Every structure is written in C-alpha cells, then in structure tokens.
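*Asks:* need the 3D shape of this:
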Amino acid sequence: MSKPKKLTPEDEIKSILAGKPPATPQEQENRMISLAMKRAEQRIVDGQASSQEIVHFLKLGSSREKTEQERMAIQMELDKAKITSLASADEMKELMETAMKHFTEYSPTEER
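*Replies:* Numbers count the residues shown, from 1 in each chain. The predicted structure follows:
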C-alpha cells in the first residue's frame, strides 16, 4: 500500500478554486477564509511570509489566545442563559397577570 500523496498548499488552493462555486454568501466567506489560510500556509512554507503573518499565527497558538477563546465560549453560554431567563421571566409575568385577573373575577361581591 502506498501513502496518499500530500497536496501542497498551492495544489489545495487550485482544488478549492476548481470546486463548485459557492451558492450562499456564507459558503463564499468560508471559501475565501480557506483560500487565505492556504495562501498564508504556502507563504510560510516558502519562507515568504511577512513578520505580521507569522506573528498572527504565533498568537493563535498561544495559551493566552486559547484562554480567551474559552472565555468567549463561556460568555456566549452565559448570554444564552440570560436570554432564556428573561424569556422565562416574561412568561411568568404574563401568567401571574392572567391569574390575578381571574382571581379578581372570582372574588365575592357585596350585594346591596
């Protein structure tokens, strides 16, 4: 059994461009990100990357960046929980208002 041939970043770029055209703006954005990442990889491999490109990827690999990504994920979960809590509070308020309305309708009245 032979090993599958590893594509070079340049071949991967050609492969991406040869694929079907994106159907949605999200697909287009993902395609552009993929192309940019492959081009950056190619420039690093070829030794042509700028110091800014290298520093960008060094920062992505840092423990500080990983901690920041975790913090952002936790913050997103907290925000979702707050939204759910607010929606639940609104539902409870409506339920209480309806209950109070019904209680006042059933309260005894004085006959004159």
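*Asks:* where does the prediction get shaky in this structure?
*Replies:* 1-4, 107-112 (pLDDT under 70).
*Asks:* what's the helix or strand where Ile16 lies packed up against?
*Replies:* Of the helices and strands defined by DSSP states H and E, Ile16 is found in helix 9-18. Secondary-structure packing of helix 9-18 (3 or more CB pairs under 8 Å, 6 or more residues apart in numbering; DSSP states H and E): helix 25-46. For glycine as for every other residue, the C-beta is placed from the backbone atoms N, C-alpha and C.
*Asks:* who touches the helix holding Ile16?
*Replies:* 7, 31, 34-35, 38-39, 41-42, 45 (CB atoms under 8 Å, 6 or more residues apart in numbering).
*Asks:* got a list of what Met72 touches?
*Replies:* By CB under 8 Å, 6+ apart, Met72 has no neighbours at all.
*Asks:* whoops, Leu58 was the one
*Replies:* By CB under 8 Å, 6+ apart, no residues touch Leu58.
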